[in-house]
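*Asks:* Model the structure of this input:
(one chain, ligands or ions: 1)
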Amino acid sequence: MPKRCLQTLLASLTSALDRPPQVSAALAQLSEDAWFDLQFEPEVARERYNLSLPTFPPDDVQLRFTGLSARDNLLQARSFYEYAIARSQLRQAANPRILDFGGGWGRVSRFFLRDAPARRITVADCLTDSIHWLRETRNPCDIRKNDVLPPIRGLSRGFHLIYAYSVFSHLSPVSTRTWLDYLIGLLRPGGWLVITTMARAFLDHLAGPGRDTLTNEYGGLLPAPEVMQARYGQGEVQFYPTGGGGELAPSFYGITLLPRRYFLENYGSIFVEFTEEVPRVNQAVIALRKTPINATPDTARSKGYPGER
Ligand SMILES: C[S@@+](CC[C@H](N)C(=O)[O-])C[C@H]1O[C@@H](n2cnc3c(N)ncnc32)[C@H](O)[C@@H]1O
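*Replies:* Numbering: from 1, shown residues only. Down below sits the predicted model:
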């Protein structure tokens, strides 16, 4: 067989192998509403789309991870998912690889199951409890338990999208910097890092009607809301080491507010957006884009996604 034909055959075989049975054209065509509703209809997903969706952990487990449960919890995850998909133009990417860093029990990763084969979606977390619930709910993604500092063992570079919901809302400054640099290193050129951090909504919440209850909840480990608001206004990074149970030691885990200035000063050349306007997401969302090959940081930014900075 001529070399060229062999190459074409190999390429189409590879592409067929990359297209898993569960990522069907029918699934890809579902509206966002229908895809959301399907999350609660596992039999329909199996029969109509040949897709085995993960189950859900009990409400108390969900509350422990994000303070929400059931439909509300998924609505928040959906909104973040839709932002990340649109921002990273994931649906235009050929064979994307995705990493959910600090994936918890898998609340967000389940939404990506119609955008990529499960084996191309990695969910990493350092918490034994998280890995337990990912397995217990039969999450089909590539599940990895990492140490509290990088690397994530066995992971190669080349991700189109890495996201982390409510993870950089908790990490110490050293841990933040180390993980951000590492994760950016895992992106392919032009790849996207989409993360969240505590911001104004959290400060408003602290200063609001539940103020006294919240003070108890954080065991007096946070300063008065007014102090935190003033620090935030001055563009200070704030980290209060509360710990989070299990592997989440106070040495690196607590309450973290990273202001917009932090990203401009440290990641200005790849900074795309800092927004507190993603519906239902009560944290700031930050989008960084690794410079594409053959592009200066400025052209990369302006071509990457139309929108504000
Ligand atoms: C508030 S939960 C959010 C879980 C999930 N992202 C979601 O939105 O449902 C924070 C998660 O970050 C994980 N995490 C914190 N520090 C981490 C680290 N150094 N490496 C990996 N995961 C980490 C925690 O174990 C936990 O699962």
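*Asks:* where does residue 86 land in three-state SS?
*Replies:* Reduced to three states with DSSP: H, G, I helix; E, B strand; the rest coil, the structure at residue 86 is helix.
*Asks:* Which pLDDT value does the model give it?
*Replies:* At residue 86 the predicted local confidence, pLDDT, stands at 98.
*Asks:* ditto for the one 3 residues further on
*Replies:* Residue 89 carries a pLDDT score of 97 in this model.
*Asks:* got the residues of the chain near the ligand?
*Replies:* In this structure, the chain approaches the ligand at residues 65-66, 102-104, 107-108, 124-127, 130, 146, 148, 165-167, 170, 248, 253, judged by CB under 6 Å from any ligand atom. Heads up, the C-betas are built off the backbone N, CA and C, glycines and all.
*Asks:* What ranges does this protein have for its strands?
*Replies:* With DSSP state E as the definition, the chain shows strands at residue ranges 98-101, 121-125, 142-145, 159-164, 187-197, 238-240, 255-257, 271-275, 284-289.
*Asks:* Now render those strands as TSV, adding distance to residue 221 and mean pLDDT.
*Replies:* Compiled in TSV, the strands of the chain are given as follows (distance: least, CB to CB, whole Å; pLDDT from 0 to 100):
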stretch	distance to residue 221	mean pLDDT
strand 98-101	25	98
strand 121-125	23	98
strand 142-145	27	98
strand 159-164	23	98
strand 187-197	18	98
strand 238-240	5	98
strand 255-257	8	98
strand 271-275	26	98
strand 284-289	21	98
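*Asks:* how about those in CSV, adding distance to residue 263 and mean neighbour count?
*Replies:* Shown next, in CSV, are those (distance: least, CB to CB, whole Å; neighbours: other CB atoms under 10 Å):
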stretch, distance to residue 263, mean neighbour count
strand 98-101, 17, 26
strand 121-125, 22, 24
strand 142-145, 26, 18
strand 159-164, 14, 25
strand 187-197, 9, 23
strand 238-240, 15, 18
strand 255-257, 12, 21
strand 271-275, 5, 20
strand 284-289, 6, 24
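*Asks:* Among those, single out whichever gets nearest to residue 179.
*Replies:* strand 98-101 (7.3 Å; CB to CB).
*Asks:* Send over the closest one as PDB, restricted to the C-alpha atoms.
*Replies:* These are the backbone C-alpha positions of strand 98-101, laid out as PDB (Å, rounded to 0.1, in the frame of the first residue of the first chain):
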ATOM      1  CA  ILE A  98      -9.900  18.600  29.500                       C
ATOM      2  CA  LEU A  99      -8.600  18.700  33.100                       C
ATOM      3  CA  ASP A 100     -10.900  19.400  36.100                       C
ATOM      4  CA  PHE A 101      -8.500  20.400  38.800                       C
END
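*Asks:* how much space between the residue nearest to residue 71 when sequence neighbours are not counted and the ligand?
*Replies:* The spatial neighbour of residue 71 that comes closest, neighbours along the chain excluded (CB to CB, 6 or more residues apart in numbering), is residue 40 at 7.9 Å. As for residue 40, its distance to the ligand is 17 Å (criterion: CB to the nearest ligand atom, to the nearest Å).
*Asks:* Residue 40 - how many residues pack around it?
*Replies:* Counted by other CB atoms under 10 Å, the residues lying close to residue 40 total 13.
*Asks:* same deal with residue 232?
*Replies:* 18.
*Asks:* My read is that it contacts residue 200, right?
*Replies:* Yes: with contacts defined as CB atoms under 8 Å, residue 232 counts as touching residue 200 at a distance of 7.4 Å.
*Asks:* thinking again about what came up before, tell me the pLDDT of the residue nearest to residue 71.
*Replies:* Confidence at residue 40, expressed as pLDDT, is 97.
*Asks:* Fine by me, we can end here.
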